[in-house]
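S.K.: Predicted model, plus sequence, below.
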Amino acid sequence: MTILERLGGWVAAPAPATPRLGLHVMDTLGAWLAGRRTAEAAELLTLTQGELPVLTASLPDRVALRVATTRLSEVDDIHLGACVTPGSVVVSTALAVAARTAPAPADFAAALRAGYGTMIWLGRALDGPHIIYRGIWPTYLLAPLGAAAVTARLLGLDARETANALALALSQVSGGPGNPGELSPRWLLAGWAARAGCSAALAAARGFAGDATLLEHDWLHRTHGIVVEHALLAEVPPADGLVAELSIKTHCAAKQTTSASTAFADLLANGLRPEQIAEIRVHVPKPYAAMIGHHQTGHRIGRITGVAYQLACLAWQKDTLFDLERPDLTSDERIATLHGRITTVVDDDLGEYYPARWPARVDVLLQDGTRMERLVVDAHGDPGRALDEVAVRGKFAIMAGEHEALGDLALASVQDGGALAELCQRVEQL
C-alpha cells in the first residue's frame, strides 16, 4: 500500500472526537470576517465581477475566495513544526463544502481533522520550517492536499477514491509564489491552490484517478527540489490530526515575531517605560532572523513581518496590532524613534528550540545604562501557553465585529447539527 493510499484510508475512516476543534473553527472564522474588511479583500472581490469573472459561484471558486480572504488576515492558526497555516485552508474549505453537503457534525469534525492532519503531517515530512526560507511556501504547497482531504471526507468518498483525490491534488502543487509585484497575488495563489484540491476531490468522486505512487520515491525532489523524510510518513497521522499542536495567534503579525512581542509585553508589564529605552536587541534563531530583521514599513507585508515595527507599535499604540491593514505609523515620532533603535541578531543558542518552537530573547538597554532581558520560548497562543476559550472568544469579538454572534455557532458546529446548519447558512449569506 502506498503512502497516499494509507493516507486516503485514514481520511475516510471513522474519526474520534478531537478536542479544541471548535475553537479553531471560531478562530478561523474570525480571521475570515476580519479579512473581508481589508483593501486586499476588496481587490479579490473584483475577480468575481464583470462579464468574464475569474472567480464564479462554483464551489471550487467559493473555496478559493474564502481561503484567500482568510489567509491574508495573518491572524489564522499555524503549526510551528510543519510551518503551515492549515486553518485558513481546512476550515474555509469545510464551511464552503458543508453548505452544499449538509453533513452531520461528526462528519464535519472528521473532515476538519482530516485536513489538519494531512497538512501538518506532510509539512513536517517536507521540512516546512526550513524550505520556507528557500522560497517555498509550505501552506501554498500543501493547500491542494488539505482541501482535497476535507472535500473528500465531506463527500463521503471511500479510501480508494480519497487516495485518488489526494494524488490528483498532489500533482497540482506548486510551492513557490515567486517575487510578486505591487498588487500581490500571494493570497490569490493560496486560494487557487485550495480550489485545485477541492476540484481534485470532486473529480475523484466521478471516477478520475491519480498516481498514488507520487510520494514513494523522489518525485517531489525531481519536480520541486524537496526532499521527503519518508520515515516520518511510515505511519498515518495520529488520531487527533495533530490539532493539539497548533498555535493560535493573538494579533496580526508574522508568527516569527510573536515570541519577541510576548517578551517585550512582559517587560512592559513589569515596569519598562518606552521613553527609557536606548536600544533593543532581538535575539532569534538564524532561520528567521533575516525575515523579521528588516525595517521596511512602506507596504503591509513589511509592517506585518518586521519585528522592530511590531515592538514599536506595541510600546506606543498597541491596539493597532489588531488592525489588519497595519497602517504605517512611523509619522508618530515616538514610534519612528523606537523603530530605529531596534536590531535583530542571530542567536545560535536559540537554534536548539527550532523548529518545534520559535523563540526570541529581547535585550533592552536603558538610557541610564541598566539592562532588562526576557527570553520567551513559547509565545502567547503556542501549545505551551495555549489560549483558553475565554481568550479565543475575546480575539473573535475583535475580529468579527458586528458578526460576533457567529462565535457561538462556530464553537458548537462540531457537535450540534443545528448550529452547523445555521452557521453554514449565515456564512453563505455574507
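M.R.: That came through fine.

S.K.: Counting neighbours, what do you get for residue 334?
M.R.: Residues lying near residue 334 (other CB atoms under 10 Å) number 14. For every residue, glycine as well, the C-beta is placed using N, CA and C.

S.K.: same check, this time on residue 43
M.R.: Using other CB under 10 Å: residue 43 sits among 14 other residues.

S.K.: what's the average pLDDT for the helix or strand it falls within?
M.R.: Per DSSP states H and E: residue 43 is located in helix 39-45. The pLDDT scores in helix 39-45 average 95.

S.K.: same thing with stretch 224-241?
M.R.: 95.

S.K.: Can you give the distance from the helix or strand following the helix holding residue 43 to the centre of its chain?
M.R.: Moving toward the C-terminus from helix 39-45, the next helix or strand (DSSP H and E) is helix 59-71. Offset of helix 59-71 from its chain centre (CA atoms, centre = their mean, to the nearest Å): 14 Å.

S.K.: Over helix 59-71, what's the mean pLDDT, rounded is fine.
M.R.: On average, helix 59-71 scores 98.

S.K.: Send over it as PDB, restricted to the C-alpha atoms.
M.R.: Output in PDB follows, covering the C-alpha atoms of helix 59-71 (Å, rounded to 0.1, in the frame of the first residue of the first chain):
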ATOM      1  CA  LEU A  59     -18.000  25.500  -5.200                       C
ATOM      2  CA  PRO A  60     -14.200  25.400  -6.000                       C
ATOM      3  CA  ASP A  61     -14.200  29.200  -6.700                       C
ATOM      4  CA  ARG A  62     -16.000  29.900  -3.500                       C
ATOM      5  CA  VAL A  63     -13.400  27.800  -1.700                       C
ATOM      6  CA  ALA A  64     -10.700  29.900  -3.400                       C
ATOM      7  CA  LEU A  65     -12.100  33.200  -2.300                       C
ATOM      8  CA  ARG A  66     -12.700  32.100   1.300                       C
ATOM      9  CA  VAL A  67      -9.200  30.700   1.600                       C
ATOM     10  CA  ALA A  68      -7.500  33.700   0.100                       C
ATOM     11  CA  THR A  69      -9.500  36.100   2.300                       C
ATOM     12  CA  THR A  70      -8.800  34.200   5.400                       C
ATOM     13  CA  ARG A  71      -5.100  33.700   4.800                       C
END
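
S.K.: Could you name the helices and strands sitting against the very next helix or strand once past that helix?
M.R.: Scanning forward in sequence from helix 59-71 by DSSP H and E, the next helix or strand is helix 87-101. Counting contacts by 3 or more CB pairs under 8 Å, 6 or more residues apart in numbering; DSSP states H and E, helix 87-101 packs against helix 21-35, helix 59-71, helix 105-125, helix 138-155, helix 186-204, helix 417-429.

S.K.: and the closest residue to residue 375 other than its chain neighbours, what are its bridge partners?
M.R.: Leaving out its chain neighbours, the residue that sits closest to residue 375 by CB to CB, 6 or more residues apart in numbering is residue 361, at 4.4 Å. Beta-bridge pairing of residue 361 under DSSP bridges involves residue 283, residue 375.

S.K.: For residue 279, see how far away residue 361 is.
M.R.: Residue 361 is 14 Å from residue 279, where distance means CB to CB, to the nearest Å.

S.K.: higher neighbour count, those two?
M.R.: Between residue 361 and residue 279, counting by other CB under 10 Å, residue 361 is the more crowded of the two (20 against 15).

S.K.: The more buried one and residue 91, how far apart?
M.R.: Relative to residue 91, and taking CB to CB, residue 361 is found at 34 Å.
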